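In: Give me a 3D structure for the following:
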Amino acid sequence: MAEYPITVAELDESLCYPSTVQLLLNSLADYITVNIAYDPLTYVVDSSTPTSDKNSSPFFQTAVADGVGEYGMPKAIRIYANSKWQEFSQFQQGDKILVADNSVIVSPWGESPYTYTFLSGTNLSTYAPPVAPEPPTGFKYKTYVGAWTSKA
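Out: I've put the predicted structure just below:
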């Protein structure tokens, strides 16, 4: 098992505890460094496609943040390969699962009859999930689409 030393910068004594989980995560990101030997990569966390000088960095794609200084909701982990940002996932596009019929379906999931578009520079432009069989009463299907940016 690998070990990763964690370094914490000296904290300002005048700091108060963050008032929200989001602010706590932002503080941790600002003060903690994880040293991974032999892996000196810079990780990109953003809602926009990284510039070409970041193609060797893992890209943690997020939704657009609700507020200034916040990170958006996680959407996908991507790595640059074959001239495009490829998504890592345990699902394949088109995989379906049943959810309660009142569930809100958000990226990276989708549903019929919508067509989804993706971040430029990725391996897809649009995708429309196929129509699913009739679900049991009280349920609906959600389909793995991939981290989409809009639906129509």
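In: Please make it C-alpha for all contacts and neighbour counts, starting now.
Out: Fine.
In: mind listing the strands in this structure by residue range?
Out: Assigned by DSSP state E, the chain shows strands spanning 6-8, 32-34, 44-46, 59-62, 74-81, 84-88, 96-100, 109-110, 116-118, 126-127, 139-144, 148-151.
In: Return the most buried member of those.
Out: strand 109-110 (a mean of 24; mean count of other CA atoms under 10 Å).
In: Residues contacting that one, please?
Out: With contacts defined as CA atoms under 8 Å, 6 or more residues apart in numbering, strand 109-110 is touched by 116, 129, 142-147.
In: so what strands line up beside it?
Out: strand 139-144 (antiparallel) (DSSP bridges).
In: mind checking how far the strand it pairs with is from the chain centre?
Out: 19 Å (CA atoms, centre = their mean, to the nearest Å).
In: and what of stretch 67-75?
Out: Centre-to-centre, stretch 67-75 and its host chain are 10 Å apart (CA atoms, centre = their mean).
In: buried set for it?
Out: Using 16 or more other CA atoms under 10 Å as the test for burial, stretch 67-75 gives 71-72, 74-75.
In: which of those residues lies closest to Ser47?
Out: Closest approach between the buried residues of stretch 67-75 and Ser47, by CA to CA: Gly72, at 7.3 Å.
In: give the contact list for that closest one.
Out: Per CA under 8 Å, 6+ apart, neighbours of Gly72: 46-47, 62-66.
In: May I ask which of those has the most neighbours?
Out: Of all these, the highest neighbour tally under other CA atoms under 10 Å goes to Ser47, namely 21 neighbours.
In: still on that earlier bit, which of the buried residues of stretch 67-75 has the weakest pLDDT?
Out: Of all the buried residues of stretch 67-75, Tyr71 carries the smallest pLDDT score, 71.
In: That one contacts Phe60, correct?
Out: No: in this structure Tyr71 lies outside contact range of Phe60 using CA atoms under 8 Å: 10.6 Å.
In: which residues do the two both contact?
Out: Contact criterion CA under 8 Å, 6+ apart; residues shared by Tyr71 and Phe60: 45-46.
In: quick one on the thing from earlier: what is the nearest of the contacts of strand 109-110 to Lys54?
Out: Nearest to Lys54 among the contacts of strand 109-110, with distances taken as CA to CA, is Ala147, at 19.5 Å.
In: Run a quick neighbour tally on that closest one.
Out: If you count neighbours by other CA under 10 Å, Ala147 ends up with 25.
In: I'm done for today, thanks for sticking with me.
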